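Visitor: fold the following for me, if possible:
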Amino acid sequence: MKELNCPQCNQVMTYLGKFVYQCQTCEQDYQAQAHCAACGVRLEILKACGAVDFFCNSCNEMKSKSSADYRLNKII
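Guide: Here you go, the predicted structure:
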């Protein structure tokens, strides 16, 4: 998964799985959501045979994990 930094302290976070990241410094968990870098729409997750891909319904095309814009939501 993509390396993400904590929005509060800017430290690299640990990937826990299922798009959940944890900041060891702040002791806070975040849910990452993938958005299209071109149009900003939240991407649909496509899972098949262990692979995870994204699809943008607005642009009507597949998007790679590396091209996605990841936004973090705090898990309370």
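Visitor: ok, Tyr70 to Cys49 distance?
Guide: 23 Å (CB to CB, to the nearest Å). In this view, the C-beta of every residue, glycine as well, is placed from N, C-alpha and C.
Visitor: sorry, that was for Met13
Guide: Taking CB to CB, one finds Met13 at 28 Å from Cys49.
Visitor: which one's more surrounded, those two?
Guide: A count of neighbours by other CB atoms under 10 Å puts Met13 above the other of Met13 and Cys49, at 23 against 4.
Visitor: contacting residues for that one?
Guide: Glu3, Leu4, Asn5, Cys6, Tyr21, Gln22, Cys23, Gln24, Tyr30 (CB atoms under 8 Å, 6 or more residues apart in numbering).
Visitor: could you report the neighbour count for the fifth one?
Guide: Neighbouring residues of Tyr21 were enumerated by other CB under 10 Å; the total is 24.
Visitor: so how far is stretch 2-11 from its chain's centroid?
Guide: Its chain's average C-alpha position is 12 Å from that of stretch 2-11, according to CA atoms, centre = their mean, to the nearest Å.
Visitor: pLDDT score for Arg71?
Guide: On pLDDT, Arg71 comes in at 96.
Visitor: how about the one 3 residues further on?
Guide: Looking at Lys74, its pLDDT is 96.
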